[in-house]
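S.K.: quick one, fold the following:
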Amino acid sequence: MAHLASAAAQVQARQLSIPAKIRQYEVFVNDVLKEDLRRSTVNKAKHQAELEEFEALEKNLKELQESGAQTLKIKVDLGAEVYCTAHVPDTSRLYLDIGLGFHLEVTPAEAPRIIALRKAALQRKIEQATLSNAKIKCHIRLAEEGIRELMALQ
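M.R.: Down below sits the predicted model:
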């Protein structure tokens, strides 16, 4: 008889803990997994924008070399979509952002090699972010399926 009372108490305790587990999984999905997905997506977009900048730089550099111009007039983004005209008196040296806050002074002849290396590194980062997004989405789906199964037990 004591065994039956114990089993009934376990079933009742399990019934009470299922809603708590459901809430726990929902909080985990919303507060952890979805936030990780958001951060990973923002990171991927940042790398894609940087890759596009390097592709534009590569195109502009080719045009500069083909024209043979020694001076250059360009519009520079100061931030918040505010632009100003800049005059570059000597195009024999360029400064490339190579990452981690470092800039490298190169000649126009050296720049394509550095740009290609930087583009390859950015493409790898984009691929990693894409894989990370896919993994996080799988974890979200798995957790949501677990929540559905727990709800079916109620």
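S.K.: from residue 94, how far out is residue 73?
M.R.: Plainly put, residue 73 is 16 Å away from residue 94 if you go by CB to CB, to the nearest Å. Yep, even glycine has a C-beta here, placed from its N, CA and C like the rest.
S.K.: so which of those two has more stuff around it?
M.R.: Looking at residue 73 and residue 94 with other CB atoms under 10 Å, you find the greater number of neighbours at residue 94, namely 19 against 9.
S.K.: surely the more buried one meets residue 109?
M.R.: No - with contacts defined as CB atoms under 8 Å, residue 94 does not count as touching residue 109, sitting 10.2 Å away.
S.K.: longest helix anywhere in the chain?
M.R.: Ranked by residue count under DSSP state H, the longest helix found in the chain is helix 111-153.
S.K.: how far does that helix sit from the chain's center?
M.R.: Helix 111-153 has its average C-alpha position 8 Å from the chain's average C-alpha position, going by CA atoms, centre = their mean, to the nearest Å.
S.K.: and for stretch 17-25?
M.R.: For stretch 17-25, the gap between its own C-alpha mean and the chain's C-alpha mean amounts to 31 Å (CA atoms, centre = their mean).
S.K.: what's the answer for stretch 98-117, then?
M.R.: The gap between where stretch 98-117 is centred and where its chain is centred comes out at 23 Å by CA atoms, centre = their mean.
S.K.: repeat that for stretch 43-52.
M.R.: Mean C-alpha position of stretch 43-52 versus that of the full chain (CA atoms, centre = their mean) differs by 8 Å.
S.K.: also stretch 87-102?
M.R.: When C-alpha coordinates are averaged (CA atoms, centre = their mean), stretch 87-102 and its chain have centres 26 Å apart.
S.K.: same question for it, mean pLDDT?
M.R.: Taken as a whole, stretch 87-102 has an average pLDDT of 85.
S.K.: okay, how far is it across it, tip to tip?
M.R.: Its start and end residues considered, stretch 87-102 measures 23 Å (CA to CA, to the nearest Å).
S.K.: again, but for stretch 85-97
M.R.: With CA to CA as the measure, stretch 85-97 spans 21 Å from end to end.
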